[in-house]
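1. take this sequence and fold it.
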Amino acid sequence: MASRLAALGLVALIAACAPKRETPDAADIRAARQAALTFDHRMTSEIVGRLDRDEDPVAVYLAYADNVPGWGKELSDAAKMDFSRTALGARNPADAPDAWERQQMEQMSFMLDAGIDPETLEIAEIVTEGDAKVFRWMRPVLMREACLACHGEAIESRVKLLLGQEYPLDEATGYAAGQLGGAYSVRKALSIGGKPPPPYQPQPIPPRLPPDPRQPGDAPLVQPMPAPAPP
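-> Next up is the predicted model:
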């Protein structure tokens, strides 16, 4: 009994001596949440809603490819912090997670499998990256039924062909509704070498295309690449 109490006392002493983790600024957390909420609302109304209405998945995919890549940059510039989406299985290698993001998503996946309410999953930390102190934030994104048109097991053949042509290293298929599809991620440098970071530089935003004019019946049939001629 005495040895157990001594061990517990040692654990408590180590915990008391350990440096306290710095608490992220509440304003940064609110800004990160607002960016994710804005992106999610826009995705729901402009992309997922069209799939829910049974519009042609190729037409919806083309609208996604035309417009969605610029949304994250718009949100980053508005909040003056880097807003992005990432996943353990990324469609575009440029969206692959860094080490911190991968660790957080692996923990999220474990907690979701354990039955934790996804609405309660949010990670906000101040971490050290080299000589920089950085605010990091993540929130999970779950696969919805409509998302499976491009990320599920039974992807329509024309969409599958498009994905194969544009993303030959695609790892973002085979999902089921409710699974962890990825996460919203926010990063903001707080200091570099103990000094304030340089002012945020707005990222170049691709020109916003007009609303997609294609109707469901206008979606082109994607043809496979012709086989090379024999020598």
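2. hey, let's count contacts and neighbours off CA atoms from now on
-> Will do.
3. pLDDT score for D95?
-> pLDDT, D95: 89.
4. let me know the pLDDT of the closest residue in space to it that isn't next to it in sequence.
-> Distances taken as C-alpha to C-alpha, 6 or more residues apart in numbering place T86 nearest to D95, at 5.3 Å, with adjacent residues excluded. In this model, T86 is scored at 95, pLDDT.
5. what helix or strand is R85 on?
-> Per DSSP states H and E: R85 is located in strand 82-86.
6. about what we covered before: surely the residue nearest to D95 meets L180?
-> No: the pair T86 / L180 is not scored as a contact, 11.1 Å apart, by C-alpha atoms under 8 Å.
7. geometric centre of the chain: which residue is closest?
-> Nearest to the mean C-alpha position of the chain, by C-alpha atoms, centre = their mean, lies R85 at 2.3 Å.
8. any idea what the nearest residue to it once chain neighbours are set aside is bridged to?
-> Nearest non-adjacent residue to R85, counting by C-alpha to C-alpha, 6+ apart: Y184, 4.6 Å away. Note on Y184: beta-bridge partners R85, R139, judged by DSSP bridges.
9. what does the strand holding R85 contact?
-> Residues outside strand 82-86 that contact it (C-alpha atoms under 8 Å, 6 or more residues apart in numbering) are 32, 35, 72-73, 75-76, 95-97, 101, 182-188.
10. can you check stretch 91-111 too?
-> Contacts for stretch 91-111 (C-alpha under 8 Å, 6+ apart): 85-90, 121, 123, 138, 140, 167, 169-172, 180, 182-183, 185.
11. are any of those buried, and which?
-> Listed as buried from these are 85-90, 138, 140, 170, 172, 180, 182-183, 185; burial here means 16 or more other C-alpha atoms under 10 Å.
12. for R158, state which of these is nearest.
-> Checking these against R158 with C-alpha to C-alpha, the nearest one is D170 at 15.5 Å.
13. how far away is that closest one from D95?
-> As defined by C-alpha to C-alpha, to the nearest Å, D170 lies at a distance of 11 Å from D95.
14. just E129 next, same as before
-> 19 Å.
15. cool, and P196?
-> Applying C-alpha to C-alpha to P196 and D95 gives a distance of 28 Å.
16. how about the helices in the protein?
-> 2-17, 26-43, 49-52, 57-67, 69-79, 99-113, 148-151, 157-166 (DSSP state H).
17. ok now stretch 156-171, how far from the chain's centre?
-> 20 Å (C-alpha atoms, centre = their mean, to the nearest Å).
18. could you tell me the phi and psi values at Q203?
-> phi -80, psi 150 (degrees, to the nearest 10).
19. list the contacts of it.
-> Taking C-alpha under 8 Å, 6+ apart as the definition, contacts of Q203 comprise K73, S76, D77.
20. save those residues as JSON lines, and put in pLDDT, distance to A63 and neighbour count too.
-> Shown next, in JSON lines, are the contacts of Q203 (pLDDT from 0 to 100; distance: C-alpha to C-alpha, whole Å; neighbours: other C-alpha atoms under 10 Å):
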{"residue": "K73", "pLDDT": "90", "distance to A63": "17", "neighbour count": "21"}
{"residue": "S76", "pLDDT": "94", "distance to A63": "21", "neighbour count": "22"}
{"residue": "D77", "pLDDT": "92", "distance to A63": "23", "neighbour count": "17"}
